[in-house]
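Participant: What would the 3D arrangement of this be:
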Amino acid sequence: MKNKKGIEPVIATVLLIVITIVVVALVIAFVVPFVQEQMKGAELCYGARVEIKEACFNYTDSHLVIRIGRGAEDFELVGIVVQASVAEVTKTHILKEDTDYGDGLPKVLEEIQYKIPLTAFDIADNINITSVAISPVVKSGVTEKTCEITSQMTISICPE
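Facilitator: Numbers count the residues shown, from 1 in each chain. I've put the predicted structure just below:
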């Protein structure tokens, strides 16, 4: 055993540096594309905003009446996710350009009123909706993304 030698300290130091560089390069190779993908999704939603101007529930015919407006921001709106809350349950319905409940989707600086039946949310006719929230669905190229909630409101009873 006395005749055996270990590796030189200089060689050990160089090996440690090389191993560290390889590990850092591998981490960067996996982390950078992930962060870029997350940023791309965030860019799509930046400035994409739709707002609830008015929301009420019509008990006569069990419809949610909601007026949604859009600001001056330029983005391709392909849908609006409407989330209706009943007690502690949230039900969703997506409004598209060809919706039967209003005149398509709002264009820049436009407001549209929608009259959505409770059946669109799979909610029974006699249930009371307590609040509503909306999220824009935006598109860039072939990528579609549902953004965060941009507006929410407590439901009132529609005037007769």
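Participant: can we go C-alpha only for contacts and neighbour counts from here?
Facilitator: Fine.
Participant: Can you give me the distance of V27 to P33?
Facilitator: Separation of V27 from P33 (CA to CA, to the nearest Å): 11 Å.
Participant: Likewise for I116?
Facilitator: Distance from I116 to P33, by CA to CA: 41 Å.
Participant: Which one of these two is surrounded by more residues?
Facilitator: I116 (22 against 11; other CA atoms under 10 Å).
Participant: is it true that the more buried one touches L64?
Facilitator: Yes. Counting by CA atoms under 8 Å, I116 touches L64, with 5.1 Å between them.
Participant: Please enumerate the strands of the protein.
Facilitator: In order along the chain, the chain carries the following strands (DSSP state E): 50-58, 63-70, 76-86, 89-95, 111-117, 131-140, 143-146, 151-154, 156-157.
Participant: roughly how far out does the first one sit from the chain middle?
Facilitator: So that's strand 50-58. Mean-position distance between strand 50-58 and its chain equals 19 Å (CA atoms, centre = their mean, to the nearest Å).
Participant: tell me the domain ranges of the protein?
Facilitator: 1-45, 50-157 (automatic domain parsing).
Participant: CSV for the ones you listed, including mean pLDDT?
Facilitator: Formatted as CSV, the domains of the chain follow (pLDDT from 0 to 100):
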stretch, mean pLDDT
domain 1-45, 81
domain 50-157, 89
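Participant: Can you tell me which of these is most buried?
Facilitator: For the domains of the chain, the largest average neighbour count (mean count of other CA atoms under 10 Å) is found in domain 50-157, namely a mean of 17.
Participant: CA atoms only: put stretch 11-29 into PDB for me.
Facilitator: Provided in PDB are the C-alpha atoms of stretch 11-29 (Å, rounded to 0.1, in the frame of the first residue of the first chain):
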ATOM      1  CA  ILE A  11      -5.600  16.900 -11.600                       C
ATOM      2  CA  ALA A  12      -8.300  16.500  -8.900                       C
ATOM      3  CA  THR A  13      -9.000  20.200  -9.000                       C
ATOM      4  CA  VAL A  14      -9.300  20.200 -12.900                       C
ATOM      5  CA  LEU A  15     -11.600  17.200 -12.700                       C
ATOM      6  CA  LEU A  16     -13.900  18.900 -10.200                       C
ATOM      7  CA  ILE A  17     -14.000  22.000 -12.400                       C
ATOM      8  CA  VAL A  18     -14.900  20.000 -15.500                       C
ATOM      9  CA  ILE A  19     -17.600  18.100 -13.700                       C
ATOM     10  CA  THR A  20     -19.100  21.300 -12.400                       C
ATOM     11  CA  ILE A  21     -19.100  22.900 -15.800                       C
ATOM     12  CA  VAL A  22     -20.900  19.800 -17.300                       C
ATOM     13  CA  VAL A  23     -23.500  19.800 -14.500                       C
ATOM     14  CA  VAL A  24     -24.200  23.500 -15.000                       C
ATOM     15  CA  ALA A  25     -24.500  23.000 -18.800                       C
ATOM     16  CA  LEU A  26     -27.000  20.200 -18.300                       C
ATOM     17  CA  VAL A  27     -29.100  22.200 -15.900                       C
ATOM     18  CA  ILE A  28     -29.100  25.200 -18.300                       C
ATOM     19  CA  ALA A  29     -30.100  22.900 -21.200                       C
END
